[in-house]
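In: sequence below, structure please.
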Amino acid sequence: MDLLRMSGSNLKRRKLRTFLTVLGVVIGTASIVVMISLGLGMQQSLYKEVEQSGGLTTITVTGKDAGQSMMAYSGQENSDESTQYVTDRTIKQLSELGHVTTAAPVYEMSVIMLKGKYEAYIQLVGMTPEGLKAKNIELGEGSLPKQGGSQLDILYGNTVITNFSERNSQSSYWDTGELPEIDLMKDSVFLILDQDGYFRSQEQSFGNSDSGGNESGGPGESQPSQPVKKHAVTASGIVAGGPDDYNANAYSAFCDLETLKKVLKKDFSGRTVPGQPTTKSGKPYKEFCYTSAQVKVDDIDKVEEVSSIIREMGYNTQTNAEYLDSMKSQFAIVQAVLGGIGAVSLLVAAIGIANTMMMSIYERTKEIGVIKVLGCSLKNIKQMFLLEAAFIGLIGGLVGNILSFIMSGIINFLTGNGSAMGIDGNISYIPWWLVLLSMGFAVFVGVAAGYFPSLRAMRLSPLAAIRSE
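Out: Prediction:
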């Protein structure tokens, strides 16, 4: 207790010097914590995205191109090596493999949605009920699309509303900052699956208006195209989040796969469905081909084994575990660089602590000599100076962490909780273990910086110290 009291009173003697030294530790600690928190924030976002994509036991299987996917699978670098289409027969084969619990087909296509004066180009994803449940989609309102029936039920991503723009001006949310006057949860929207037909009809309408409505019907003039089928669809639900909140399911619209196949076959009767393969004679392929398949494995240790078997079958595979491992190694490098930048500030603070302690020894030389003569042990003198340095580190670490939480909150606010950076979640994340680790590190730096000054104080000659002025 005497040592603690003496150390505290010695720091109070030179308040301004102590304050400036502590300030250096505050800035150093806050720099390290905030820098590391940026890497941790990106890592948390990655974990959340992987969870929304089915977790670490999910394998994405792709074959020859089918559908109109806007998503690029990282496992498709060698997609030209794939020799098979993903069909119902494929799904059956995958579901019969060992350690596979479910195999669900996925079909993606680009569609057009119309509502009043607005239009939007949306990525429509058809999935089975089992596949949708496996995606762990967090719903803001409503429910997952209904199975069966003749009409499509749509689950909208939370940012789909921002894709709608005015047909005449082409102004959208990203231009004006104002959302279109559409309530996706309540309003019925027209869905067009035949994009090419829609574009032809638009060009023909534009051409007719340019020609002044010539109805002579002479030879060589284009005949009116067949009206494009418009489907009135309603929402089953909306993914959780606002129009600026990014997540793995934010930009897509989901529907029941079997219902989508029925509607496509009816709309394109006698024609090839967009994205579907054709035979050498140009006729539609006999089987419906999917964009990909989502395979769920019962054990994370068996994921690579199952992936190897699927690749031997002639398909490409991509697993969340592989993606996570590659990203974690990148994040480790980012965190090391950011932490190193912050550590420079703490190193400067350590030099400040050492300077403060050395100045304190020079000013208290006589005092040190007196307490030595009075019988104070060398160990106690060393401990007293180390405690002073530890106090500086402790106070600086505590205030530095408080400052880091404030800075982290400001960063998250300015970036819209990560949406401005295109990530799902806060860009800065400070876990409690980082708080405790940074405080311990600040105290350690303080003690290390005060170690050599404390040795100097311990080695001072008592008689020389008493005689000094």
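In: do a quick rundown of the helices in the stretch 101-250 of the chain.
Out: Assigned by DSSP state H, counting those that start in this stretch, the stretch 101-250 of the chain shows helices spanning 129-134, 173-176, 195-210.
In: wait, which of these is closest to Gly352?
Out: Evaluated with Cβ to Cβ, those place helix 173-176 nearest to Gly352, the distance being 47.9 Å. The way it works is simple: take the backbone N, C-alpha and C, and place the C-beta from them, glycine included.
In: list the buried residues for the closest one?
Out: Tyr173 (16 or more other Cβ atoms under 10 Å).
In: please enumerate residues in contact with it?
Out: 161-162, 164-165, 179-180, 243 (Cβ atoms under 8 Å, 6 or more residues apart in numbering).
In: repeat that with 7 Å
Out: With contact meaning Cβ atoms under 7 Å, 6 or more residues apart in numbering, helix 173-176 is reached by 162, 179, 243.
In: out of the residues you listed, who's nearest Ala390?
Out: Using Cβ to Cβ, Pro243 comes nearest to Ala390 of the contacts of helix 173-176, at 50.3 Å.
In: next up, phi/psi of the closest one, please.
Out: Here the main-chain torsion angles of Pro243 (degrees, to the nearest 10) amount to phi -70, psi -20.
In: low-scoring stretches of the stretch 351-469 of the chain, by residue?
Out: Along the stretch 351-469 of the chain, the model assigns pLDDT under 70 to residues 362, 364, 416-425, 461-469.
In: helices of that one, start to end?
Out: Using DSSP H, counting those that start in this stretch, helices in the stretch 351-469 of the chain cover 365-373, 378-414, 432-459, 462-467.
In: for Leu38, which of the ones you listed is the nearest?
Out: Closest among the helices of the stretch 351-469 of the chain, using Cβ to Cβ: helix 378-414, at 7.8 Å.
In: could I get stretch 430-440 in PDB with only the CA atoms?
Out: Extracted C-alpha coordinates of stretch 430-440, given in PDB (Å, rounded to 0.1, in the frame of the first residue of the first chain):
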ATOM      1  CA  ILE A 430     -14.500  -4.400 -30.900                       C
ATOM      2  CA  PRO A 431     -14.900  -7.600 -28.900                       C
ATOM      3  CA  TRP A 432     -14.200  -7.600 -25.200                       C
ATOM      4  CA  TRP A 433     -11.200  -9.800 -25.500                       C
ATOM      5  CA  LEU A 434      -9.600  -7.100 -27.600                       C
ATOM      6  CA  VAL A 435     -10.300  -4.500 -24.900                       C
ATOM      7  CA  LEU A 436      -8.700  -6.700 -22.200                       C
ATOM      8  CA  LEU A 437      -5.800  -7.600 -24.400                       C
ATOM      9  CA  SER A 438      -5.100  -3.900 -25.400                       C
ATOM     10  CA  MET A 439      -5.200  -2.800 -21.700                       C
ATOM     11  CA  GLY A 440      -2.800  -5.600 -20.700                       C
END
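In: just the buried positions in it, please.
Out: 430, 434-435, 438-439.
In: can you list contacts of it?
Out: Everything outside stretch 430-440 that qualifies as a contact, by Cβ under 7 Å, 6+ apart, is 29, 32-33, 36-37, 40, 397-398, 401, 404-405, 408.
In: distance from the chain centre to the strand or helix carrying Thr90, please.
Out: Assigned by DSSP states H and E, Thr90 falls within helix 88-95. Relative to its chain's centre, helix 88-95 lies at 32 Å (Cα atoms, centre = their mean, to the nearest Å).
In: please name the residues that touch Arg311.
Out: Here Arg311 is in contact with Thr317 (Cβ under 7 Å, 6+ apart).
In: how close does it sit to Met358?
Out: Separation of Arg311 from Met358 (Cβ to Cβ, to the nearest Å) stands at 65 Å.
In: equivalent analysis for Asp301, please.
Out: 57 Å.
In: in PDB, list the C-alpha atoms belonging to stretch 231-238.
Out: The C-alpha coordinates for stretch 231-238 follow below in PDB (Å, rounded to 0.1, in the frame of the first residue of the first chain):
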ATOM      1  CA  HIS A 231     -47.500 -12.200 -64.800                       C
ATOM      2  CA  ALA A 232     -49.100 -10.400 -61.800                       C
ATOM      3  CA  VAL A 233     -47.100 -11.500 -58.800                       C
ATOM      4  CA  THR A 234     -47.400 -10.700 -55.100                       C
ATOM      5  CA  ALA A 235     -44.800 -10.800 -52.300                       C
ATOM      6  CA  SER A 236     -44.600 -13.600 -49.800                       C
ATOM      7  CA  GLY A 237     -42.000 -11.700 -47.700                       C
ATOM      8  CA  ILE A 238     -39.000  -9.300 -47.700                       C
END
